[in-house]
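Undergrad: Mind folding the following:
(one chain, ligands or ions: 1)
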Amino acid sequence: MVNVGILGATGMVGQRFIELLGDHPDFQITALTASKRSAGKKYEDAVTWYLDSKIPEEARDITVVDTDPGEVKDVDIVFSALPAGIALGVEPKFAEAGMIVASNAAAMRMEPDVPLVIPEVNPEHLELVELQKKNRGWDGFIVTNPNCSTIALTMTLKPLYDEFDIERVYVSTMQAVSGAGYDGVPSMAIVDNLVPFIGEEEEKMETETLELLGDLDEGSITPAKFGVSTSCHRVAVLDGHTEAVFIEMADDFTVEDVDQSFREFQGLPQKLDLYSAPATPIIVREEDNRPQPRMDRNAEHGMAVTVGRIRKDEAFGNSLKYVLVGHNTIRGAAGASILNAELIKEIM
Ligand code: NAP
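TA: Next comes the predicted model:
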């Protein structure tokens, strides 16, 4: 078993890590950290548990410690669910102390020597780790996953990018409140309402998507070269981000070809049969009223992205439209980091 810790273990994403790692065959939770507010308390006393499941036995009695590598003993991998501002100062210290940091936070994502990885999309970008260790003189290293809405989008773009010539992508998101963290959106702001702005979300989607689909050559990534434009909105859904995607292709295509690309898509995690890998990463629904967050977010234990309403839009030439749903705190956060760690354990 590999001993693992969770940084920011009491938050929305931290709780998902604990739930998903509770019965993991290879990773064992031995350390939990949070802010000074929670440090010193038993986990079950420190957390306001919001998930339907029970707190896993192995985490209940662990004493939460301050988020400091000196407080985290005998741990090989830490999963970071820290706010970005805190992660920026802290994650490098854990890597310097020799640990592998699998992070959800945005802080280090766009550093040129820090891999930003979705295992089904760009596992080869993990090669940047060697450069990172050399550049920074660390024994450990940091690997990041993209933000929640980018992961779901890019998983569906990958098979299309490989088979068709994408010119422009327009995305309109309808994002769940859990994406903002436990204290993120006051109920007075979101019940009976929609908020048409999520700070820095559009910028993240537009840059991270192109980075993920970019080519790694001699230690640097050349981002993919198509346009991405997004509009991000918070809606009164607890979990599960929905995205309406519009794509302009350079050439003609058929809906049947797109449908087949989605259905046949497999990546390295499926080939390696990694524990958290969904057998079918993209699930295609044919009903006119799917996907829906409440009905589709838990597909393949929350690790698959569900698409539907695949259609051609003749109004703007060779344009494709579809709707997707992905679970934001599982595939879009904790599950994504865990899959990254499983891949690292398997191939590095
Ligand atoms: P959250 O619910 O606000 O949780 C934040 C966690 O960080 C808590 O455990 C908190 O501990 C801890 N923390 C806060 N200030 C700290 C400090 N000064 N020192 C050490 N620990 C501190 O946030 P979240 O939604 O889980 O998000 C966590 C990270 O994941 C963020 O970077 C977010 O952008 C990213 N992310 C979130 C999602 C999502 O869907 N929610 C998806 C992708 C990525 P206390 O309980 O002690 O305050």
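Undergrad: list the contacts for the closest residue to the ligand within the chain?
TA: Among all residues of the chain, Gly11 sits closest to the ligand, at 1.9 Å; criterion: CB to the nearest ligand atom. Any C-beta I mention is one placed from the backbone N, CA and C, and that applies to glycine too. By CB atoms under 8 Å, 6 or more residues apart in numbering, Gly11 lies in contact with Ala34, Ala81, Gly181, Tyr182.
Undergrad: Phe17 is in contact with the second one, correct?
TA: This points to Ala81. Yes - with contacts counted by CB atoms under 8 Å, Ala81 reaches Phe17, the gap being 6.1 Å.
Undergrad: and for these two, which residues touch both?
TA: Ile6, Ala9, Ala334.
Undergrad: Excluding chain neighbours, give the residue nearest to the last one in space.
TA: Same thing as Ala334. Once flanking residues are discounted, Ala334 sits nearest to Arg16: 3.7 Å by CB to CB, 6 or more residues apart in numbering.
Undergrad: I'd guess that neighbour is in a strand, am I close?
TA: No - applying DSSP: H, G, I helix; E, B strand; the rest coil, one finds Arg16 to be helix, outside a strand.
Undergrad: ok, it - how many residues close by?
TA: By the criterion of other CB atoms under 10 Å, Arg16 has 29 neighbours.
Undergrad: more neighbours, Ala81 and Phe17?
TA: More neighbours surround Phe17 than the other of Ala81 and Phe17, with 31 against 28 (other CB under 10 Å).
Undergrad: That one contacts Ala341, correct?
TA: No - the criterion here is CB under 8 Å, and Phe17 misses it with Ala341 at 10.5 Å.
Undergrad: and for those two, which residues touch both?
TA: Shared contacts of Phe17 and Ala341 (CB under 8 Å, 6+ apart): Phe79.
Undergrad: can you list the residues of this protein near the ligand?
TA: Residues of the chain lying close to the ligand (CB under 6 Å from any ligand atom) are 8-14, 34-35, 37-38, 67, 81-84, 86, 104-106, 147-148, 178-179, 181-182, 328-329, 332-333.
Undergrad: My read is that Asp139 contacts Lys133, right?
TA: Yes - applying CB under 8 Å, one finds Asp139 in contact with Lys133, separated by 7.4 Å.
Undergrad: Glu203 is in what secondary structure piece?
TA: Per DSSP states H and E, Glu203 falls inside helix 201-212.
Undergrad: How about Ala336?
TA: In this assignment (DSSP H and E), Ala336 forms part of helix 335-347.
Undergrad: what's the answer for Asp162, then?
TA: Here Asp162, judged by DSSP H and E, is contained in helix 148-163.
Undergrad: that older thread, contacts for the helix holding Ala336?
TA: Under CB under 8 Å, 6+ apart, the answer for helix 335-347 is 2, 4, 16-17, 20-21, 24, 26-27, 77, 79-80, 100, 102-104, 117-119, 123, 126, 143, 145-146, 151, 268-269, 272, 274-277, 301-303, 327.
Undergrad: As a check, name the ranges of all strands in the stretch 51-200 of the chain.
TA: Here the stretch 51-200 of the chain has its strands, by DSSP state E, counting those that start in this stretch, at 65-66, 77-80, 100-103, 141-144, 166-174, 194-195.
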